[in-house]
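**Student:** All I have is the shape, not the residue letters:
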């Protein structure tokens, strides 16, 4: 497995693979990998001749009071996991490699990025769009793989790729969960044992919502009320948002239809967790 730390190293290898006619899949990550990340790499291995995974904790998508400094990092562990998965190249640049001191160019978006997580994390999607644009230019992938757990991010990136005519396909991969239903996340490592037990309320609230929809409930207000009632009964849970939006535009809807997104963000202690499901899709792994 190749480990490239500079843009020039990564591009040199990509040119060799392109000259051989290889297709390339990109799995962008911020590292501290879990099974969800590895599932993206397996999907890329299935679809492409070569798989590149990036490991970069992107400072641009963190606000001043967010967890950039303490975000978990372990590149050696990550590389061992990716080597076991057969990843062909890891691109792991330092922030100074990606952003010059006088960096002043950004990729921004309106509408799709403004609700949900965009309300409480207003700089995040500008940072996501900017760094992914740079990664796409550096790696030139045919396909890029992202998790459906970050549903708004996936919608934002798909719209960016469409609007700016990037020549690649964005593949959304299913959320991977713990045995008790909690969506896997690098930030789960922040949770104390008591908080970890309390965090199960997210997936359980979504299960109650999906059961209500399956039984015929189509009112967004009624479904959000079911979720909030479950969440407020957990003393350690502090609701950031519970919303139902169109799955493409991320705009609120009053009446549920197939393809709409039911999304929640909840703080358990000081740790902010997100989860969601698409109306019409099965909640795999939620008990």
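**Tutor:** Structure received. All of these numbers come straight from a predicted model, not from anything done at the bench.
**Student:** Run the chain-centre distance for stretch 5-16.
**Tutor:** Between the centre of stretch 5-16 and the centre of its host chain there is 25 Å, according to CA atoms, centre = their mean, to the nearest Å.
**Student:** ok, and what's touching the strand or helix carrying residue 154?
**Tutor:** Applying DSSP states H and E as the criterion places residue 154 in helix 151-163. Helix 151-163 is contacted from outside by 107, 109, 112-113, 115-118, 125, 128-129, 132-133, 144, 146-148, 166, 168, 170, 172, 247-250, 261, 263, 276, 278, using CB atoms under 8 Å, 6 or more residues apart in numbering. Placement of C-beta: from N, CA and C, glycine included.
**Student:** again with stretch 227-244
**Tutor:** Under the criterion CB under 8 Å, 6+ apart, residues 115-116, 119-120, 194-195, 198, 201-202, 204-206, 208-209, 220, 223-224, 252-253, 256, 260-269, 272 lie in contact with stretch 227-244.
**Student:** just the buried members of those residues?
**Tutor:** Those of the contacts of stretch 227-244 that meet the buried threshold are 115-116, 195, 198, 201-202, 204-206, 209, 220, 223-224, 253, 256, 260-266, 268-269, 272, by 16 or more other CB atoms under 10 Å.
**Student:** Of those, which belong to strands?
**Tutor:** Using DSSP state E, the subset of the buried ones among the contacts of stretch 227-244 located in strands is 261-266, 268, 272.
**Student:** Let me know the closest of these to residue 100.
**Tutor:** Lowest distance from residue 100 to these (CB to CB) belongs to residue 272, with 30.5 Å.
**Student:** Kindly state the beta-bridge partners for that closest one.
**Tutor:** Using DSSP bridges, the bridge partners assigned to residue 272 are residue 267.
**Student:** re the thing from before, kindly reformat the ones in strands among the buried ones among the contacts of stretch 227-244 as a markdown table containing pLDDT.
**Tutor:** Converted to a markdown table, those look like this (pLDDT from 0 to 100):
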| residue | pLDDT |
| --- | --- |
| 261 | 98 |
| 262 | 98 |
| 263 | 98 |
| 264 | 98 |
| 265 | 98 |
| 266 | 98 |
| 268 | 98 |
| 272 | 97 |
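**Student:** ok, back up a step: could you tell me how far the helix holding residue 154 lies from the centre of the chain?
**Tutor:** The chain centre lies 11 Å from the centre of helix 151-163; the measure is CA atoms, centre = their mean.
**Student:** Run the angle between that helix and strand 261-268 for me.
**Tutor:** Taking axes from the mean of the first three to the mean of the last three CA atoms, to 10 degrees, one finds helix 151-163 and strand 261-268 inclined to each other by 130 degrees.
**Student:** Now the nearest residue to residue 85 once chain neighbours are set aside: which helix or strand?
**Tutor:** Nearest-residue entry for residue 85: residue 41, 4.9 Å, with adjacent residues in sequence omitted and distances by CB to CB, 6 or more residues apart in numbering. Mapping residue 41 onto the secondary structure by DSSP H and E places it in helix 35-47.
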